[in-house]
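S.K.: Show me how the following folds:
(one chain, ligands or ions: 1)
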Amino acid sequence: MQHVTVKGLVLRETVFGEADKLIDLLTESGIRTVGVRSARKPGSKYAAVTQAFSYGEFCLRQTGERFWLDSAVSVHLFFGVRQRLDALALAAYFSELIRKTATDQPQPQLLRLFLYCLQRLEQDDRPLEQIKGTFELRLMTELGMMPNLVCCASCMQYQPRGPIMRVAKADFLCADCADPEEITPDEIPVTQSTLQALRHVVFSDIDRIFGFRLKGTSLRLFAAYCERYTLYRLGTGFRTLKFYHDLNQPQDTEHG
Ligand SMILES: [Zn+2]
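M.R.: Got it, this is the predicted structure:
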């Protein structure tokens, strides 16, 4: 039997046995699935720290292939995220993205990215669309699938007017190099502010990743590109993403 102490974020809880549960824990060393005995009994000592989106220090015991929880100390429960359905839906989407892309290799940046995004969701000081796009595009970057955002793929111009993002080619063209009469479904024309924001997400340190402001059309295009790019690269849809969009649909219609 081996004991190990890890810091981790609970990605998901699953019912297991009579009164137990399994938690998927995102640690700096990848995802660990951990059994928690009697977690679903009333008054369970570790009920709060083992719920989804709780960040804590977990003492685990390994028997064979399986990890079991010995004890846990909460670091931050992200209670504010759980109080808002739209924020919670977005966190659930982030969780599904991570579970489908993380490996068992050490990926400490993924844990940091998730924590910074949860912090912003809790503080509620950035639009949800900004937090969502930032998570998606930086996740792609950390997984080695970043787009080339340095300059126009044809004429190498760094600061072009009317950049046109190309999803499949993972680059962009300036308005002079693209054929404006023939915008294909793969291409998303964006604003210069959008391009600057995309560059910030890809190139900045993770602790400064929210150091930009976007609104209106630029924000909408930023979010549209990040989602399209992510879904294209991963080649799959996400149940939690559909739920998030369904949830925000009435509000979108109301505003216009
Ligand atoms: Zn060009």
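
S.K.: show me where pLDDT drops low in the stretch 101-250 of the chain?
M.R.: Applying pLDDT under 70 to the stretch 101-250 of the chain flags the ranges 250.

S.K.: Kindly report the residues of it close to the ion.
M.R.: By the rule C-beta under 5 Å from the ion, the part of the stretch 101-250 of the chain lying against the ion is 152, 154-155, 157, 174, 177. In short, each C-beta sits where N, CA and C put it, glycine included.

S.K.: Please flag which of the residues you listed sit within helices.
M.R.: Within these, no residue falls in helices by DSSP state H.

S.K.: Now which of the residues you listed would you call buried?
M.R.: Among these, those classed as buried by neighbour count (16 or more other C-beta atoms under 10 Å) are 152, 174.

S.K.: Can I get the residues of the stretch 101-250 of the chain next to the ion in CSV including distance to residue 79?
M.R.: Shown next, in CSV, are these (distance: C-beta to C-beta, whole Å):
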residue, distance to residue 79
152, 46
154, 50
155, 51
157, 47
174, 46
177, 49
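
S.K.: can you map out the strands along the stretch 151-256 of the chain?
M.R.: Along the stretch 151-256 of the chain, counting by DSSP state E, counting those that start in this stretch, strands occupy 164-166, 171-173, 187-189.

S.K.: could you dump the ones you listed to TSV with mean neighbour count?
M.R.: As requested, these are exported to TSV (neighbours: other C-beta atoms under 10 Å):
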stretch	mean neighbour count
strand 164-166	22
strand 171-173	22
strand 187-189	17
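
S.K.: tell me how far the longest strand seen in the chain is from the chain's mean position?
M.R.: Taking DSSP state E as the criterion, the chain has its longest strand at strand 2-16. Here strand 2-16 shows a centroid-to-chain-centroid distance of 19 Å under the convention C-alpha atoms, centre = their mean, to the nearest Å.

S.K.: Tell me who's in contact with residue 95.
M.R.: Contacts for residue 95 (C-beta atoms under 8 Å, 6 or more residues apart in numbering) come out as 11-12, 52-53, 240.
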